[in-house]
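Chemist: Build me a structure from this.
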Amino acid sequence: MELEAPVVEADPARSRGGGDEDTLRTALLPCPNCDVQVVHKLAQLLLPGLAAACVDSTLRNPSSSLAVQLRAELVRYITDRSNSPPELPTEAGDDPLPDHDDPAEALATFLDDFASSKRSIVVSISGWLPYLGGDDGRDDRIDDLVQEMEATRFWPIERREAVARDLLRSLDAVSTGGAGSKFRCRDELETEEKLADHVTTRCRFTPVRCRNLVHGCTAEVSACRAEEHDAVCAFKLLPCEQGCGASVARRQMDRHCVTACPMKLANCPFYLLGCESAFPACNLGSHCAQFVRTHLRLLLDRNQITTMADRQDLDLEERLAMLEKCDSVGTLRKALDVRALTSALAALEKKMSAQNEGS
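Modeler: Below you'll find the model as predicted:
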């Protein structure tokens, strides 16, 4: 369907935090700031909620005119619901109604109720008929419509956030009896200058950028939530959990610890020969140097290599001592895997044979 550009549904007076009480007290200017993260979360729920109502209203593809009509009805519906105090369940077995202390939960319930109110008998029956799509088909249609609305900017995020701010103010006022400030600022200033200064620098709900912006985080949060966001920000640089000394983004820590970190746990490269040691990868060189005799013993036993020492009827320990004595430059101690140690052993054998022939 061709979706037309939307109009702004939010009440301009409400967008400044106003209501009847604020209108009467015109001498004071209310701060418009709300909890940025909660506003964004509510705004993200609105589009799927509208799409669900459109899909539930018809078995056909929703038209643009239907979407426009339902959008206006949806805004009125959730506004009325948000201004009403939460009710108790009518019967003992009923599910409890949403708590206004959790705005996202309350809005999700409002949206579900609105979509249910628009569901026609034909659409309800189709949910029980597999050949008409059922619940899976409904979810697919909702997802498709949401993607189309996003692509055409039928209800842009900034306009949904305007609605979400009004909704949040109402829910906050209802949940606190009109006196609280859990999700919004209730300060009022005498002049435009004081209001501007308060909104941008003093208000605890002033929008601020994440302090990890230089590392890639584009999140915007309220000032009072900055520490809370920083504690979970995926882009925050943290010292390596394994103590290698590197600073790694939280979102890349797991990958770093098992791939690039020099302190990652590694098996000895002579594991297949029988060495079962495990150690930080950066200690490979010291391990191979320290246990060179162990690795040589495993290599000679496993491969049954015939060396010059065998021809002289020397036992294994004598053979190892002879090899180490001949290895004046530490070639055996520097071998970091089976192939390198085998090559070093062959070179030493050749060197020893040449020395014996010369003598």
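Chemist: Spell out the secondary structure type for the residue most central in space within the chain.
Modeler: The structure's the chain has its C-alpha centroid closest to residue 234; by Cα atoms, centre = their mean the separation is 6.7 Å. In terms of secondary structure, residue 234 is coil; the call rests on DSSP: H, G, I helix; E, B strand; the rest coil.
Chemist: Use 490 as the first number from now on
Modeler: Sure, I'll start numbering at 490, so the last one becomes residue 723.
Chemist: Wait, it touches residue 742, no?
Modeler: No: taking contacts as Cβ atoms under 8 Å, residue 723 lies outside contact range of residue 742: 9.7 Å. C-beta: built from backbone N, CA, C; applies to glycine.
Chemist: in the strand or helix carrying residue 632, what counts as buried?
Modeler: Take DSSP states H and E as the rule and residue 632 turns out to sit in helix 623-641. Using 16 or more other Cβ atoms under 10 Å as the test for burial, helix 623-641 gives 626, 627, 630, 631, 634, 635, 637, 638, 641.
Chemist: Equivalent analysis for stretch 597-612, please.
Modeler: Going by neighbour count (16+ other Cβ under 10 Å), the buried part of stretch 597-612 is 597, 598, 599, 600, 603, 604, 607, 608, 612.
Chemist: Report the mean confidence score over that stretch.
Modeler: Averaging pLDDT along stretch 597-612 gives 82.
Chemist: so the helix or strand encompassing residue 599 versus helix 623-641, what angle?
Modeler: If you go by DSSP H and E, residue 599 is part of helix 592-606. Here helix 592-606 points in a direction 110 degrees away from that of helix 623-641 (axes from the mean of the first three to the mean of the last three Cα atoms, to 10 degrees).
Chemist: Just list what helix 592-606 packs against, helices and strands only.
Modeler: helix 525-546, helix 553-571, helix 646-664 (3 or more Cβ pairs under 8 Å, 6 or more residues apart in numbering; DSSP states H and E).
Chemist: what's the closest of the ones you listed to residue 746?
Modeler: Nearest to residue 746, of all the helices and strands packed on helix 592-606, is helix 525-546, at 29.2 Å by Cβ to Cβ.
Chemist: and residue 711, how many neighbours?
Modeler: Counted with other Cβ atoms under 10 Å, residues neighbouring residue 711 total 24.
Chemist: what sits against it?
Modeler: 522, 523, 524, 525, 526, 693, 694, 695, 696, 697 (Cβ atoms under 8 Å, 6 or more residues apart in numbering).
Chemist: Name only those of the residues you listed that count as buried.
Modeler: Buried members of the contacts of residue 711, counted by 16+ other Cβ under 10 Å: 522, 523, 524, 525, 526, 694, 695, 696, 697.
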